[in-house]
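*Asks:* structure of the sequence below:
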Amino acid sequence: MPKAIDGVEFLSAGEVAETVGVHRLTLLRWIREGKIQDVPRDRNGWRIFSLEAVADIKAYAFSLGGPVSRYQPTLFSRSTALKSELVLVARAGKVAAASKEP
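*Replies:* Predicted coordinates for the structure are as follows:
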């Protein structure tokens, strides 16, 4: 949920990551590596992203030409059916791996 400071809306790193379609840690890595510009922080030290900064980040993400990872479309889909399918596949893999252990 956007936070308003002096009438200007700001988003958290998690909200920006979800909006852009990347993981929060990917967003923070891009900042650390200088691929996108760092943003101001609130009084608690948390990064706060203006809507203008979010637009710049979206432009950078789309300039990459595709999903950052092969799981990105599934992980950031609003469809619970896809998320459920991913969970079932992950669980099946764990069960199969556990059954192979001596």
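*Asks:* distance of K58 relative to R43?
*Replies:* As judged by CB to CB, to the nearest Å, K58 and R43 stand 27 Å apart. Just so you know, the C-beta spots here come from the backbone N, C-alpha and C atoms, and that holds for glycine as well.
*Asks:* these two: which is more packed in?
*Replies:* Taking neighbours as other CB atoms under 10 Å, K58 and R43 compare with K58 leading, 14 against 6.
*Asks:* list the contacts of that one.
*Replies:* 19-20 (CB atoms under 8 Å, 6 or more residues apart in numbering).
*Asks:* check it and give its pLDDT.
*Replies:* Per-residue pLDDT puts K58 at 89.
*Asks:* A helix includes it, no?
*Replies:* Yes. The assignment for K58 (DSSP: H, G, I helix; E, B strand; the rest coil) places it in a helix.
*Asks:* mind telling me what element L25 is part of?
*Replies:* Assigning secondary structure by DSSP states H and E places L25 in helix 24-32.
*Asks:* which residues in the protein form helices?
*Replies:* Taking DSSP state H, the helices of the chain run over residues 13-20, 24-32, 51-63, 72-75, 80-100.
*Asks:* state the mean pLDDT of the first one.
*Replies:* So that's helix 13-20. 90.
*Asks:* list the buried residues for the helix holding L25?
*Replies:* Buried residues in helix 24-32, counted by 16 or more other CB atoms under 10 Å: 26-27, 30-31.
*Asks:* name the nearest of those relative to F49.
*Replies:* Distance to F49 across those (CB to CB) is lowest for L27, with 9.0 Å.
*Asks:* just checking, the closest one touches E18?
*Replies:* No. Between L27 and E18 there is no contact under CB atoms under 8 Å: 9.8 Å.
*Asks:* output the below-cut-off pLDDT ranges for this structure.
*Replies:* Counting by pLDDT under 70, the chain shows low-confidence ranges at 66-102.
*Asks:* how is this structure carved up into domains?
*Replies:* Using automatic domain parsing, the domains assigned to the chain come out as 1-66, 69-102.
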